[in-house]
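[1] the following block contains a protein sequence and its predicted model.
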Amino acid sequence: MNVAVVYTSMTGNTEEIAQILSDQVEQYDLTVKIFHVEFDDIMALDLKNYDAILFGTYTWGDADLPFELEDFHEDLGDEDLSGKVVGLFGSCDSYYEFYGAAMEIMAKQFRAIGAEVIEPLLKIELAPEPEDDEKIEQFVKKFVDRVKQSS
Ligand SMILES: Cc1cc2nc3c(=O)[nH]c(=O)nc-3n(C[C@H](O)[C@H](O)[C@H](O)COP(=O)(O)O)c2cc1C
C-alpha cells in the first residue's frame, strides 16, 4: 500500500516530523513517498493515486495557512478523496492563540472531500523532542491501523 507524505515547512520543524513519520510508517511495511509542496512535483489531484495521505503544515500569519499552501488547499476542494485515510501533522507554537490553526483548516478541507481524518491531529510544539515519541508512535499506529482496515 502506498502512502504519500506531503508537507510544507519554513524552518524545518514540520519537515523533521515528516521524516520521523515516514520512517515509522515504513516499518509497518507500507510504501512511502515524501513530497515538499514547494519543491517537489505534487498537486492536489495526485493524492487520489495513493491509498492514504499524511499531510503536514506549520501555521502562519494570523492563524493562517502558509502562503505556499493556498493554491493546494483551493485545488483540493475539487477532488474526491472519499474513503481515504488522512493523518494531519505539524509544528505549532503555543505562544500563539490558535494552536496549529492551519492544520485545522486542512483537516476541514480533507473532510469536505470525503476523507477520514485521524483524530486527534498530531500537533507538535516547535521541533519534535524525545517527550513527543509516545504521542507520535500512537498517531502512527492509529493511522496505520485505519489504513489497513480500510483497504
Ligand atoms: C508570523 C508567524 C505567525 C505564526 N502563527 C502561528 C499560529 O497562529 N499558531 C501556531 O500554532 N503557530 C504559529 N506560528 C509558529 C510556527 O507555526 C512555528 O514556528 C513552526 O515551528 C514553524 O514550523 P516549520 O519549522 O515547519 O516552518 C507562527 C509563526 C510566525 C513566524
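    Now that the structure is in, tell me what you want to look at.

[2] can you give me the buried ones in the strand or helix carrying residue 133?
    Using DSSP states H and E, residue 133 sits in helix 133-149. Judged by neighbour count (16 or more other C-beta atoms under 10 Å), helix 133-149 contains these buried residues: 136, 139-140, 142-144, 146-147. For every residue, glycine as well, the C-beta is placed using N, CA and C.

[3] one more: stretch 47-65?
    Those would be 47, 50-60, 65, for stretch 47-65 by 16+ other C-beta under 10 Å.

[4] just stretch 21-41 next, same as before
    Applying a neighbour-count criterion of 16+ other C-beta under 10 Å, one finds 21-22, 24-25, 28, 30, 32, 34-37 buried in stretch 21-41.

[5] show residues contacting it.
    1-9, 15, 18-19, 42, 50, 52, 54, 56, 68-69, 72, 87, 89, 122, 136-137, 139-140, 143-144, 147 (C-beta atoms under 8 Å, 6 or more residues apart in numbering).

[6] keeping just the C-alphas, turn it into CSV.
    C-alpha atoms of stretch 21-41 as CSV (Å, rounded to 0.1, in the frame of the first residue of the first chain):
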residue,chain,number,x,y,z
LEU,A,21,6.5,9.7,10.4
SER,A,22,7.8,8.3,7.1
ASP,A,23,10.4,6.2,8.8
GLN,A,24,7.9,4.8,11.2
VAL,A,25,5.2,4.1,8.6
GLU,A,26,7.7,2.2,6.5
GLN,A,27,8.3,-0.1,9.4
TYR,A,28,4.7,-1.3,9.1
ASP,A,29,5.6,-2.4,5.5
LEU,A,30,3.8,0.4,3.8
THR,A,31,5.5,2.2,0.9
VAL,A,32,6.1,5.9,1.5
LYS,A,33,6.7,8.7,-1.0
ILE,A,34,7.6,12.1,0.5
PHE,A,35,6.9,15.5,-1.1
HIS,A,36,7.6,19.0,-0.1
VAL,A,37,4.8,21.1,-1.6
GLU,A,38,7.0,23.9,-2.7
PHE,A,39,9.9,22.0,-4.2
ASP,A,40,8.5,18.6,-5.4
ASP,A,41,6.1,17.7,-8.1
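
[7] thank you kindly, that will do.
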